[in-house]
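S.K.: How does the following fold in three dimensions:
(4 chains)
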Amino acid sequence: MPGKIRSRDEIIAQFKDGQTVMCGGMHNHGTPNNLIQCIIDSGVKHLTVISIDSADANLTLGRLYHHRLVDKLITSYIGRNTEVVAMLEAGEIDVEFVPQGSLAERVRCGGAGLGGVLTKTGLGTVVEETRQIVEINDSGEKYLLETALRADIGLVRARMADPLGNLAYRGTLRNSNPLIATASDLTIVDADMLMDVDEIGIDRIGTPGVYVDMVLAK
Amino acid sequence: MPGKIRSRDEIIAQFKDGQTVMCGGMHNHGTPNNLIQCIIDSGVKHLTVISIDSADANLTLGRLYHHRLVDKLITSYIGRNTEVVAMLEAGEIDVEFVPQGSLAERVRCGGAGLGGVLTKTGLGTVVEETRQIVEINDSGEKYLLETALRADIGLVRARMADPLGNLAYRGTLRNSNPLIATASDLTIVDADMLMDVDEIGIDRIGTPGVYVDMVLAK
Amino acid sequence: MDIRNRIAKRAAEYFKAGDVVNLGVGIPGMCSDYAVPGVMFHTENGFIGVGPAATGLQKVESFSNASSTEFVPVSGSCAFDSAESFAIVRSGRLAATVLGGLQVAENGDLANWTRPGGKFGMGGAMDLVNGTRNVIVAMELCAKNGSPKIVKECSYPLTGKHCVNHIVTEQCVIDVTPQGLVLLEVLEGLSPAEIQRQVEPLLIVSNSIKTMER
Amino acid sequence: MDIRNRIAKRAAEYFKAGDVVNLGVGIPGMCSDYAVPGVMFHTENGFIGVGPAATGLQKVESFSNASSTEFVPVSGSCAFDSAESFAIVRSGRLAATVLGGLQVAENGDLANWTRPGGKFGMGGAMDLVNGTRNVIVAMELCAKNGSPKIVKECSYPLTGKHCVNHIVTEQCVIDVTPQGLVLLEVLEGLSPAEIQRQVEPLLIVSNSIKTMER
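M.R.: Next comes the predicted model:
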């Protein structure tokens, strides 16, 4: 039984022009590269991307920018990607910067049915200019409100996946992937290894299969 | 090298009258029972307890109530514990009820350096009466603000612990324990098994040792 | 079939293979006996894949549900912490939850965690009704004293507002819709009028009303 | 010892065994070479126990730091996701972070993520300075053009307000205190006056001023 395992063609058919796509990985590591290729092969454009960084020029996630598929990016850092920096300077892409820890929490909120979190990160900086400030009545403490982020499609890299969509991670390949797995209408996984049901082990699973919709077939 | 492994006596010496103690476990399962015994042996009183429920009368966490050590309880449910219900009815204990999912998030906020989260849980119920309502400017959506909870001491049950305080969990023994491990000034662990450094395995660790201060010696 | 099993069996008809479902205590908990294969059960303390009650060597502290019953995990199970458990709940990843009810109002308000002045706490019920895609109340149609539990407005403390989708009782099945309460099924041998007499709000009788098996 | 290593070595003196520490790129990253045994290094992408750069079979995608360098995990390592990584940061579980600096103000404000109009993003720097117990800025005392980097007020976009604890440069060590900037160490052969000439705010010279090794 294939369960949630889907063919490349079926996954390619999910992408549409103008979608918001969130993608796991950081600095070219732990990125779902086979799903990046699916986006490129789908021919879609005008995407909004949510990701920790924008990788290197024409590498991993950076290939989306190289092919000019992205209109908007919500991220914490683009400094490694000369192409994205040039596009931003030329006004060819819209970039919203979010502090890395706040970005992680915003995605988590999107996946956890929460409206947002209160953080001190960014207080007194330019971040504050675009944020709602919430004062907690009891303490009088002021925080920035970081609101939930969700996407149409979430792309996840995992070390292992089983047919129910249960995922396991390895080392720093994990990074944002367990969060990205939770916060989209459609969650698609690129796993290094496809495991049998129960082969991963109950206590080794990092993402419950209930979050996952499709796992790319090998 | 003992690392963070500490004797019973040294752990007993940490408890003081009037402290706030948060404790992992739910319905008598996954509770750090050896640390509950340490509290009882320490002779302290007037505690505030934060926990998912109050267990059964004179069982596991319920032993603290049986011995009348607790002045206040922040929890989601006491219905299984006839002694706590009777104490509440007699005005002998102060109980603050929090919806279970909101309680989990409040503890997580306490451990994650966040001020609070916005949730729809409890909107239009009695919970709303004691909560600050936050309206997100962009969307106009209204949420309840659930603020961070922290404690003086956090008591954690783990399946495995190593001398650095890295912890691993098993099945539903996990429950609130990974959250409780993060949100106190002093975090103490009752582990079923003491493992050598690196024996648990990098990808099997559920709580990074950086959160843990003491592990009860066997 | 006794009344409690009849309710549980009918409520379980809402589940389909692949669904992840949370069951409350009492009658809701009995739904697992009637679910089609492929449905998996979630428990608040952090597990998907709750199976039958454990005995012998399988009865261990490591696998217990929110009612404190030790269970055998089914194939495909996974464990997670309380925050993740309610993240799954609030974000709508559960296809359904079946809960008991003290009162259900015409507008879908639910009161199920306490009578006025009750002192037990709401547990996870407010989260479950807030996030789950299908909220199914499985209860007897009337209270022990014969008073209606389906009411115009709840007088008991609410669990959630506008949250109930389906009401399954031993005598009928009712859907909560924007137009009001729609009577979909009536127990074999009873008439819609006999149901109407036992509830406060005016029921809309479905054009395609069916007979509920005894 | 060259200037960069001198700064890194001195900054690393703030670490003690058992500390978990985050290092920025550039000079801060070199601190790991000088840390006492028992210090563990955190990386934003989700790891405690970052070890030396990997080669051969140990160079795998599964272990890379926030600068995208593959590393060998040290004994006692653990991995976690980005949310947990910054939960550790914000909640004060890191004993120290060493960061580069563009400007540090008299009141401890730090500007280190961009010059005005810069277009790279702040990465995790704002979280690190918000939560970490000891924020150590490791940088050259003056900019390439000789202009002061220790200033009365930052003109560059801030990373955080009132967040810096220690400033380590190739010529001196300065603490940020409620009374102002305190000059604690001066490089062998230099005088406090020579440091004062290169910074904007008035320095308080410590009574127990020490000599910093070359």
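
S.K.: helix/strand/coil for the nearest residue to residue A:171 once chain neighbours are set aside?
M.R.: Leaving aside its sequence neighbours, residue A:171 sits nearest to residue D:62 (Cβ to Cβ, 6 or more residues apart in numbering or on different chains; 3.8 Å). Glycine gets a C-beta too; all of them are placed from N, C-alpha and C. Three-state assignment for residue D:62 (DSSP: H, G, I helix; E, B strand; the rest coil): coil.

S.K.: which residues sit in contact with residue D:62?
M.R.: Residues near residue D:62 by Cβ atoms under 8 Å, 6 or more residues apart in numbering or on different chains: A:159, A:170, A:171, A:172, A:173.

S.K.: Spatially, which two of these are the most separated?
M.R.: Taking Cβ to Cβ, the two most distant members of the contacts of residue D:62 are A:159 and A:172; they sit 11.3 Å apart.

S.K.: ok, now which ones touch the closest residue to chain D within chain A?
M.R.: Using Cβ to the nearest Cβ, the single residue of chain A nearest to chain D is residue A:101, 2.9 Å away. Applying Cβ under 8 Å, 6+ apart to residue A:101 gives the contacts A:119, A:121, D:82, D:83, D:85, D:86, D:87, D:89, D:90, D:124, D:126, D:127.

S.K.: Quick check: which element contains the spatially most central residue of chain C?
M.R.: For chain C, the residue nearest the mean C-alpha position is residue C:98 (2.0 Å; Cα atoms, centre = their mean). Taking DSSP states H and E as the criterion, residue C:98 maps to strand C:96-99.

S.K.: Look up the closest residue to residue A:28, ignoring the ones flanking it.
M.R.: Residue A:28 sits nearest to residue A:60 (Cβ to Cβ, 6+ apart), 4.5 Å away.

S.K.: burial count for residue A:79?
M.R.: Neighbour count for residue A:79, taken as other Cβ atoms under 10 Å in any protein chain shown: 16.

S.K.: three-state assignment of it?
M.R.: Following three-state DSSP, the label given to residue A:79 is coil.

S.K.: That one reaches residue D:122, doesn't it?
M.R.: No: counting by Cβ atoms under 8 Å, residue A:79 does not reach residue D:122; the two are 10.1 Å apart.

S.K.: Nearest to chain D: which residue in chain C?
M.R.: Per Cβ to the nearest Cβ, residue C:83 is where chain C lies closest to chain D, at 10.4 Å.

S.K.: sec struct for that residue, please.
M.R.: Here residue C:83 takes the helix state, with states given by three-state DSSP.

S.K.: I figured it hits residue B:104, correct?
M.R.: Yes: counting by Cβ under 8 Å, residue C:83 touches residue B:104, with 4.3 Å between them.

S.K.: Comparing these two, which residue is more hemmed in?
M.R.: Between residue C:83 and residue B:104, counting by other Cβ under 10 Å, residue B:104 is the more crowded of the two (29 against 24).

S.K.: how near is the nearest residue to residue C:111 once chain neighbours are set aside to residue C:203?
M.R.: Among residues not flanking residue C:111 along the chain, residue C:156 sits closest, at 3.7 Å (Cβ to Cβ, 6+ apart). Relative to residue C:203, residue C:156 is positioned 21 Å away (criterion: Cβ to Cβ, to the nearest Å).
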